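Enquirer: Based on what follows, work out the 3D shape:
(2 chains)
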Amino acid sequence: MKVEVRFFGQLIDKLGLAVYQLEVSALKFEAVRDALEQTFPALKSMSYQLAQNNSIIEGETALDQSVIDVFPPFSGG
Amino acid sequence: MKKNNRYLRQQTLEQIGVEGQKQLLESRVLVIGAGGLGCPLLQILASTGVGYLTVVDFDRVATHNLARQMLFRNQDVGRYKTEVVAEYLKAYFPDCKVAYHTALFHENNAAELIRTHDVVVDATDDINTRYLINDYCVLHNKPLVFAALYKFEGQLTVFNYKGGPSLRCLYPKKPQYQEIPTCEQSGMLATVSSSLAQFQATEVIKVLLGLPGVLSGTLWYYDFLNHSQRSIEFKVNAAQLEYVKNKKAETEHKIHISIEELGSYEGYNWIDLRSKEETPLLPFEFIFQLPVSSENFLDKLQDQCESAKPILFFCQSGSRAKKAQELCLNSGLQNSFALLNSIEDISTYLSTQCQ
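Expert: Now for the predicted structure:
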């Protein structure tokens, strides 16, 4: 199934896009993360968090098909 | 309430009142960074009547700062930012007692600075410093108001507030060198940095006065181009807090050193990062001069240095040393340190040691 993934900050520039329809095997954190890193290998070495419905996604978080946000740390000031 | 009370309108707010204003005048806020976030934030905090502000920044005013770091004028270019900020704030906001440290914020001065303030503000532009600030706030139990930008996007949250989560709870994996582009590479618009700084300053006031709605455990994100926003909740990560509290995080930060910690000067590969015109000269035969701007800097460094000894970088005041050390750290090179003392102190030290 597909979920919409949204990138923020420097990820948009590094990956070349802001939105992506990601094919995932299951609506679970690890499946989403693995699918993301397989599609965008640059993410493997980067620091980022996944969030859905305004909550950080952790191991056991129940996911639905709403947008998944991919947030990197920002550091500019 | 007197008509010549500059805080009259603020005091009228039931959330502040006379008592709240008095509290602000007794509050001590540490602001690390006097740049795009720091300048407007310092100005507005002094304006609201925060009684004690301490500014930490090692840098000098540059022309390209002037568009968004509005406390600086053309004639301030070349001066230390801290000195100019202190002069400005004292002139406009006489109720505010301003202290400043013209220095890198590092593990040798972090504890004392953080311990002696009520709230800490991260207005820096460097991810390693941000983790350092966070770790010391965790260790000394101080709330940390964090704001950061990328182009038109901002993040804002308050770490370590009444048992709330920290930076490492939100982003446990520290970004590597060059993972996050600098402001120099990505650019910054004054209206964006100033806007986020105002929100950051409001969080400071809320923390100082215990007002509701402090952004603890919530990362507020805003895009100033398309106005999308998020309020993302995140939790305490106990393992990450343990990592900091057990001082294991300290080893990440031990990259800066001062003369007192050196032991024998002979135990290092001494690298002078200054250009050949800079004085005073340090004509010791064990010092290798390699300006930080040299082509193939890392290759030349590896060719020159004995791998058994750590590399010791120094420059005029420590800032180039810090950058060179970070370059090494993230290139996987051998152990290296940035010597943070001034060139005059280093010169005195070596002259004494080598007699």
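Enquirer: By residue count, which helix of the chain is the longest?
Expert: The chain I'm using is chain A. helix A:29-39 (DSSP state H).
Enquirer: Please refer instead to chain B.
Expert: Using DSSP H to define each element, chain B has its longest helix at helix B:190-209.
Enquirer: What's the mean pLDDT across the longest helix of chain A?
Expert: Helix A:29-39 carries an average pLDDT of 96.
Enquirer: how distant is that helix from the center of its chain?
Expert: 8 Å (C-alpha atoms, centre = their mean, to the nearest Å).
Enquirer: partners of whichever helix or strand comes after that helix in the sheet?
Expert: Downstream of helix A:29-39, the next assigned helix or strand under DSSP states H and E is strand A:49-52. Looking at strand A:49-52 with DSSP bridges, its partner strands are strand A:55-56 (antiparallel), strand A:68-71 (antiparallel).
Enquirer: Dump these into TSV; add mean neighbour count as well.
Expert: All C-beta spots, glycine's among them, are computed from the backbone N, C-alpha and C. Formatted as TSV, these follow (neighbours: other C-beta atoms under 10 Å in any protein chain shown):
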stretch	mean neighbour count
strand A:55-56	17
strand A:68-71	24
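Enquirer: Looking at those, spot the one closest to residue B:276.
Expert: strand A:68-71 (45.5 Å; C-beta to C-beta).
Enquirer: So what touches the closest one?
Expert: With contact meaning C-beta atoms under 8 Å, 6 or more residues apart in numbering or on different chains, strand A:68-71 is reached by A:3-9, A:11, A:22, A:32, A:36, A:43, A:48-52, A:57, B:155, B:219, B:221, B:230, B:232.
Enquirer: would you put the C-alpha positions of that strand in CSV?
Expert: What follows is strand A:68-71, C-alpha atoms only, in CSV (Å, rounded to 0.1, in the frame of the first residue of the first chain):
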residue,chain,number,x,y,z
ILE,A,68,4.0,10.7,7.3
ASP,A,69,6.4,13.6,8.0
VAL,A,70,10.1,13.2,7.9
PHE,A,71,11.9,15.8,10.1
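Enquirer: what is the mean pLDDT for that strand?
Expert: For strand A:68-71, the mean per-residue pLDDT is 98.
Enquirer: same check, this time on stretch B:190-197
Expert: So the average pLDDT for stretch B:190-197 ends up being 98.
Enquirer: cool, stretch B:229-249 as well?
Expert: On average, stretch B:229-249 scores 92.
Enquirer: Next, the buried residues of that stretch.
Expert: B:230, B:232, B:234, B:237, B:240-241, B:243-244, B:249 (16 or more other C-beta atoms under 10 Å in any protein chain shown).
Enquirer: quick one: which of those residues sit in strands?
Expert: Among the buried residues of stretch B:229-249, the members falling in strands (DSSP state E) are B:230, B:232.
Enquirer: Output the buried residues of stretch B:229-249 as CSV; include the columns distance to chain A.
Expert: As requested, the buried residues of stretch B:229-249 are exported to CSV (distance: C-beta to the nearest C-beta, whole Å):
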residue, distance to chain A
B:230, 6
B:232, 5
B:234, 4
B:237, 9
B:240, 13
B:241, 16
B:243, 15
B:244, 16
B:249, 15
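Enquirer: Which of the buried residues of stretch B:229-249 fall in helices?
Expert: Per DSSP H, helices hold the following members of these: B:240-241, B:243-244.
Enquirer: how many neighbours does residue 13 have?
Expert: Going with chain A. 15 (other C-beta atoms under 10 Å in any protein chain shown).
Enquirer: try chain B instead
Expert: 11.
Enquirer: Tell me which residues touch residue B:114, please.
Expert: Counting by C-beta under 8 Å, 6+ apart, residue B:114 has contacts B:30, B:120, B:133, B:136-137, B:140, B:142.
Enquirer: how near is it to chain A?
Expert: 18 Å (C-beta to the nearest C-beta, to the nearest Å).
Enquirer: That concludes my questions; thank you for your assistance.
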